[in-house]
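*Asks:* How does the following fold in three dimensions:
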Amino acid sequence: MSSDRNGNRGFDRRGGARGDVRRGRYAGREDASTRVGSDRRAGADRMAPGARDPRSRGGRTSGERRRVQTDWLHSDLANEPISRHGFLMAGLGLAGLAITARLADFQLVNADRYQAEADARRLTSQVLYAKRGTIYDRNGTVLASSVECKNVYVNPQLIEKKQRKKAIKALVEVLDVEEDFVSDLIDQDTTFAYVKRQVDEADAEILEKKNITGIEFEPAIKRVYPNGALASQVLGIVNVDNVGVSGLEKQYDEILTGVNGSLARERALDGSFIAGGAYKKVPAQDGMDIVLGLDANIQRVAEDALAEVVERVGAKNGSVMVSDPTTGEIICCCSYPTFDPTDLASASSADLNLRMVTDVYEPGSVFKSFVAAAAIEHEGMTPDTEFSVPAVVQVGDDQVRDADKRDYGMTMTLREMMRRSSNTGFVLVGQQVGADDFDAHVIGDFGFGASTGIDFPGESLGIIKDRDEYDGATLGSMSFGQALAVEPVQMVRAMSAIANKGVMTTPHFLKTRAGQEVDWTDGETRVVSEETARAVADMMRTVVDEGTGKLAQVVGYEVSGKTGTAERAAEGQNGYLEDNYMSSFMGFVSTSDPRAMCYITLDGTAAGSDAATPVFRTIMETALPALGIKPTR
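*Replies:* Residues are numbered from 1 along each chain as shown. Sure, this is the predicted structure:
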């Protein structure tokens, strides 16, 4: 043991004095552990004889060389290989980088996402529904419009227990909803649950005046039909979200639908709105108004007349369409039975159909008009061309007779065949036209089996054999309107060619949108010459003046028309039903300058075409003056 110049005493690594020169790789370094543990080593020297020094390994004594261990708590920071200060600064640096990166993520990289997530937790957004465009008839009568209403909902978190019964009672009484339904809503663990949507403003006001916390309201829009069931099948319906699901509401949904707005407000945790909180309103943009070619007055007369005759003759259903054959504009259209859009719970899905467009029938003798046109246009016939017509004609396995059941043959002109509506005569005409020309010029040229272009959803294209599918009965049967099924609107479009000097027009409902006239001339197609069309129209005038269509006469006017009584095919089996017909009449006024054409069908009745002709007269007696069509006789 020795003393240093400061009077301190200690031992070196080998037990020598502190002042001795140190050797090896520890030379020049102060062994912190030997300094700190000097007292302990002194105690070790005083251990009992034979005791093992706990500091030694493998029996090494204190004098043997051992690994130096650093005491991080008391070591000399200046002389450590990696100091505590370095570790501390490195840790602080890494923490700073992490915080900086996190701040950058929040404020720069994903700022929008985090803001949106925060807003979603505290902001409630309500839809501000746009008003659907109004639908008008040709005279400005409102057929469909939208009005403001309220959606009623509850926030169960705000309804206190002592107010629970009062809230349930108020909702049941005012909204006419089931008590169990309301009770279940109020017991839900939520801050929002609809009770009833599209509630009238008056009823919502009654609820608001009760001032029950937790019963809340949001602005909404609903569709109304001021004329009730009038033209309901044409107009169609919308769902609770104001999306068109049938009729013209569906056809023109895109232009009738506006752009919804929104209202965002800040809520507290319990769902209540925060006074002075965030508020953002984006106004709704209302939809576009449209004007139809329909005339509400003519539509009402047609619906009433159709309902009366369907009930009177026991028909399964019936349809009517009135149009301008020179433009294709539809003036009225309906089917019966129909439905009331304000009472959809009572309507059947079949009653929503506008059968003029969606259903198909065997058209019967009205179809003879087109066979006659093809015969004149392509086979060189005239109204005065004569045929020797037998009492019975074999068509496939069937024998065909005329409605008069005569048992003798007759000489008939084409005009006489039209006047009498001779089935046997038109079988002969069809045979002269031939199967190839029949398929090309009757079926093809007049557009049967193809879309009419009508602006209405759900159009059926009919059931018509291709030329290579014809059998021994096909040509003869189709010549008098059997063995093919077409939609009534195809008949209307085809007849427009006869009425409109040989040019077929596109039937359509839409007249203007956003105040602009809609051009439908792209669908116009010439089918036959003006001379042929005039000849057929004149033969059809004879039908009304002298033949099977006498009951369709309208005082003061020339009327061209054709009757039809088609047998109804038995479903799921061959053959036809007894005393079950599709009775019809199609006519236009006037013969030389037609501006109104009407087609009536009565399906599933024992009555013949004489049940349809009076309906034509009734409708035309109202339509002609209303449309400004002056008498011609």
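*Asks:* Pick out the residue closest to the middle of the chain.
*Replies:* V245 (5.1 Å; CA atoms, centre = their mean).
*Asks:* Do I have it right that that one meets R223?
*Replies:* No. The pair V245 / R223 is not scored as a contact, 11.0 Å apart, by CB atoms under 8 Å. Quick note: C-beta positions are derived from backbone N, CA and C, even for glycine.
*Asks:* any residues in contact with both of the two?
*Replies:* Common neighbours of V245 and R223, using CB atoms under 8 Å, 6 or more residues apart in numbering, are I237, V238.
*Asks:* What average pLDDT does the helix ranked longest in the chain get?
*Replies:* Selection of the longest helix in the chain by residue count, based on DSSP state H, yields helix 84-104. Helix 84-104 carries an average pLDDT of 73.
*Asks:* One more: stretch 446-461?
*Replies:* Average pLDDT, stretch 446-461: 96.
*Asks:* next one: stretch 530-541
*Replies:* 98.
*Asks:* what distance separates it from the middle of the whole chain?
*Replies:* 43 Å (CA atoms, centre = their mean, to the nearest Å).
*Asks:* Can I get that stretch in CSV? Just the C-alpha atoms.
*Replies:* Extracted in CSV, the C-alpha atoms of stretch 530-541 (Å, rounded to 0.1, in the frame of the first residue of the first chain):
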residue,chain,number,x,y,z
GLU,A,530,-99.0,7.2,-100.5
GLU,A,531,-101.4,5.6,-103.1
THR,A,532,-101.4,2.3,-101.3
ALA,A,533,-102.0,3.9,-97.9
ARG,A,534,-104.9,5.9,-99.4
ALA,A,535,-106.5,2.8,-100.9
VAL,A,536,-106.4,0.8,-97.7
ALA,A,537,-107.7,3.8,-95.7
ASP,A,538,-110.6,4.1,-98.1
MET,A,539,-111.4,0.4,-97.7
MET,A,540,-111.4,0.9,-94.0
ARG,A,541,-113.8,3.8,-94.4
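*Asks:* Pull out the buried residues from that stretch.
*Replies:* Within stretch 530-541, the residues that count as buried by 16 or more other CB atoms under 10 Å are T532, A533, R534, A535, V536, A537, D538, M539, M540, R541.
*Asks:* where's the third one relative to M381, distance?
*Replies:* With distances taken as CB to CB, to the nearest Å, R534 is found 14 Å from M381.
*Asks:* quick one: the strands in the stretch 51-200 of the chain?
*Replies:* Using DSSP state E, counting those that start in this stretch, the strands assigned to the stretch 51-200 of the chain run over residues 123-128, 135-136, 142-154, 193-199.
*Asks:* Quick one: list the elements packing against the last one.
*Replies:* For strand 193-199, the contact count by 3 or more CB pairs under 8 Å, 6 or more residues apart in numbering; DSSP states H and E identifies strand 142-154, helix 161-175, helix 179-186, strand 215-224 as packing neighbours.
*Asks:* So for T622, which of these sits nearest?
*Replies:* Nearest to T622 among the helices and strands packed on strand 193-199 is strand 142-154 (18.1 Å), distances taken as CB to CB.
*Asks:* what helices or strands is the closest one leaning on?
*Replies:* Counting contacts by 3+ CB pairs under 8 Å, 6+ apart, strand 142-154 packs against strand 135-136, helix 161-175, strand 193-199, helix 201-209, strand 215-224.
*Asks:* Could I get those in a markdown table, plus columns for distance to T505?
*Replies:* Output for the helices and strands packed on strand 142-154, formatted as a markdown table (distance: least, CB to CB, whole Å):
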| stretch | distance to T505 |
| --- | --- |
| strand 135-136 | 22 |
| helix 161-175 | 50 |
| strand 193-199 | 40 |
| helix 201-209 | 45 |
| strand 215-224 | 31 |
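*Asks:* which of these is buried the deepest?
*Replies:* By mean neighbour count, with neighbours taken as mean count of other CB atoms under 10 Å, strand 135-136 ranks first of the helices and strands packed on strand 142-154 at a mean of 24.
*Asks:* partners of it in the sheet?
*Replies:* Sheet pairing here is set by DSSP bridges, and for strand 135-136 it gives strand 142-154 (antiparallel), strand 290-292 (parallel).
*Asks:* Take these and write them to TSV, including distance to I186 and mean neighbour count.
*Replies:* Converted to TSV, those look like this (distance: least, CB to CB, whole Å; neighbours: other CB atoms under 10 Å):
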stretch	distance to I186	mean neighbour count
strand 142-154	6	20
strand 290-292	43	25
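*Asks:* Figure out which of these is closest to I99.
*Replies:* strand 142-154 (43.4 Å).
*Asks:* What would the closest one look like as CSV? C-alpha coordinates only.
*Replies:* C-alpha atoms of strand 142-154 as CSV (Å, rounded to 0.1, in the frame of the first residue of the first chain):
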residue,chain,number,x,y,z
VAL,A,142,-100.2,18.7,-63.3
LEU,A,143,-100.1,14.9,-63.4
ALA,A,144,-97.3,14.3,-60.9
SER,A,145,-95.4,16.7,-58.6
SER,A,146,-93.3,16.7,-55.4
VAL,A,147,-94.1,18.3,-52.1
GLU,A,148,-92.1,18.8,-48.9
CYS,A,149,-92.6,16.5,-46.0
LYS,A,150,-90.7,15.2,-43.0
ASN,A,151,-89.0,11.9,-42.0
VAL,A,152,-89.6,11.2,-38.3
TYR,A,153,-86.9,9.4,-36.3
VAL,A,154,-86.0,8.9,-32.7
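*Asks:* And the contacts of stretch 455-474?
*Replies:* Here stretch 455-474 has contacts from 234, 246-248, 250-252, 353-354, 357-360, 395-398, 435-436, 439, 443, 448-452, 483-487, 489-490, 508-510, using CB under 8 Å, 6+ apart.
*Asks:* gap between stretch 294-310 and the chain center?
*Replies:* Relative to its parent chain, stretch 294-310 has a centroid offset of 28 Å by CA atoms, centre = their mean.
*Asks:* quick one on the thing from earlier: please point out which parts of the longest helix of the chain sit buried.
*Replies:* Of all the residues in helix 84-104, not one is buried under the rule 16+ other CB under 10 Å.
*Asks:* picking that back up, go through the buried residues of stretch 530-541 and name the one nearest A202.
*Replies:* Nearest to A202 out of the buried residues of stretch 530-541 is M540 (CB to CB; 55.4 Å).
*Asks:* what residues does stretch 209-219 touch?
*Replies:* For stretch 209-219, the external contacting residues (CB under 8 Å, 6+ apart) are 126-129, 148, 150-160, 163, 166-167, 170-171, 186, 195, 204, 207-208.
*Asks:* Stretch 290-301 now?
*Replies:* For stretch 290-301, contacts defined as CB under 8 Å, 6+ apart pick out 133-141, 143, 227, 230-231, 234, 248, 252, 255-256, 322, 324, 329-334, 508-513, 618-619, 622-623, 626-627.
*Asks:* Check which residues of it are buried.
*Replies:* I290, V291, L292, G293, L294, D295, A296, I298, Q299, R300, V301.
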